[in-house]
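Colleague: Sharing a model that was predicted from the sequence below.
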Amino acid sequence: MMFRRTHENAARIGRKTVLTLLSLLAAGLATPVAADMGMAVVPTRIIYPGEEISPGSLNTVEVTNPNLAGDYAQTVEEVTGMITNRTLLPGRTILVSSLRIPYLVKRGTSVRLTFGIGNMTISASGSPLQNGSVGDVIRVRNIDSGLSVSGTVMADGTVQVMAK
């Protein structure tokens with residue numbers, strides 16, 4: 001019986017009153033959220049995976065969707081020169097997680113391997129077995145000995161071999 005009384009009280013409020021309250025609540029909440037959304041970077045053309053992003057293929061737009069996830073790029077400088085891992089469609093936000101730094105060392109090319117202990121430095125020619133950006137640990141084959149070693153890609157394009 002308790003359920004019926006609650007239901008009867010709700011019916012007395014009236015549908016018009018409930019709709020008016022909901023519209024006032026929605027109007028009050030929507031304004032501050034839309035004002036804080038900021039800007040987003042969107043492509044002006046299709047950008048394919050592996051392609052370097054140039055500023056000419058980007059546009060900055062105001063974000064109006066409050067349900068948009070916060071992982072999107074907000075400035076053109078943030079994505080310029082990056083490589084995309086997935087197809088980017090015109091007018092859609094660019095997820096920062098779908099971008100990577102360009103590879104400095106590419107598989108199959110020739111690189112200089114260096115190994116240092118104290119004041120002694122040994123260098124040799126190597127062939128990367130995988131692509132790598134600065135700071136990545138990759139496998140490289142020593143061309144002279146044929147052995148595979150692991151090393152860190154350095155900013156100058158060399159690979160610093162790790163001690164075992």
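Modeller: It's in.

Colleague: Give me the neighbour count for residue 151.
Modeller: 23 (other CB atoms under 10 Å). Where C-beta positions appear, they are placed from N, C-alpha and C, glycine not excepted.

Colleague: Over to residue 103?
Modeller: 17.

Colleague: That one reaches residue 134, doesn't it?
Modeller: No: look at residue 103 against residue 134 with CB atoms under 8 Å: they stay out of range, at 9.6 Å.

Colleague: CA atoms only for stretch 85-97 - export them in PDB, please.
Modeller: The C-alpha trace of stretch 85-97 is given here as PDB (Å, rounded to 0.1, in the frame of the first residue of the first chain):
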ATOM      1  CA  ASN A  85      48.800   5.100 -35.900                       C
ATOM      2  CA  ARG A  86      45.300   5.100 -37.300                       C
ATOM      3  CA  THR A  87      43.200   6.800 -40.100                       C
ATOM      4  CA  LEU A  88      42.200  10.300 -39.000                       C
ATOM      5  CA  LEU A  89      38.900  11.600 -40.600                       C
ATOM      6  CA  PRO A  90      38.100  15.200 -41.400                       C
ATOM      7  CA  GLY A  91      36.200  17.000 -38.700                       C
ATOM      8  CA  ARG A  92      36.900  14.400 -36.000                       C
ATOM      9  CA  THR A  93      39.000  15.000 -33.000                       C
ATOM     10  CA  ILE A  94      42.600  13.600 -32.900                       C
ATOM     11  CA  LEU A  95      43.300  11.300 -30.000                       C
ATOM     12  CA  VAL A  96      46.700  12.000 -28.600                       C
ATOM     13  CA  SER A  97      47.000   8.200 -27.900                       C
END
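
Colleague: What are the buried residues along it?
Modeller: By neighbour count with 16 or more other CB atoms under 10 Å, stretch 85-97 contains the buried residues 88, 93-94.
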